[in-house]
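Participant: What follows is a protein structure lacking sequence information:
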């Protein structure tokens, strides 16, 4: 159980870093009248960070569920 806790902390730190490194211009500004330069696709590092954030988020949730299940036993 200690391994899962340490893994969850590491995944949480990596998740925060991957979210903070993403492009700041693609936030909620477009929904409220911000300038949106037309069709936009993610490429290269930005695409990797997007998928890494999704993967790390899923890992974090999975580790949290595993930790709750193991603590309840």
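Facilitator: Yep, that arrived. On a predicted model such as this, the values are computed, not experimentally measured, just so you know.
Participant: how about stretch 49-60: buried residues?
Facilitator: Residues of stretch 49-60 classed as buried by neighbour count (16 or more other C-beta atoms under 10 Å): 49-50, 52-53, 56, 59-60. Using the backbone N, CA and C atoms, a C-beta is placed for each residue, glycine as well.
Participant: Kindly report the same for stretch 2-12.
Facilitator: 8, 11.
Participant: now do stretch 42-50
Facilitator: 49-50.
Participant: what's the host helix or strand of residue 16 in contact with?
Facilitator: Residue 16 is part of helix 2-20 when elements are defined by DSSP states H and E. With contact meaning C-beta atoms under 8 Å, 6 or more residues apart in numbering, helix 2-20 is reached by 49, 52-53, 56-57, 59-60, 63-64, 66-67, 70.
Participant: can you put the buried residues of stretch 49-60 in TSV and add pLDDT and secondary structure?
Facilitator: Shown next, in TSV, are these (pLDDT from 0 to 100; DSSP: H, G, I helix; E, B strand; the rest coil):
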residue	pLDDT	secondary structure
49	92	helix
50	92	helix
52	95	helix
53	96	helix
56	98	helix
59	98	helix
60	98	helix
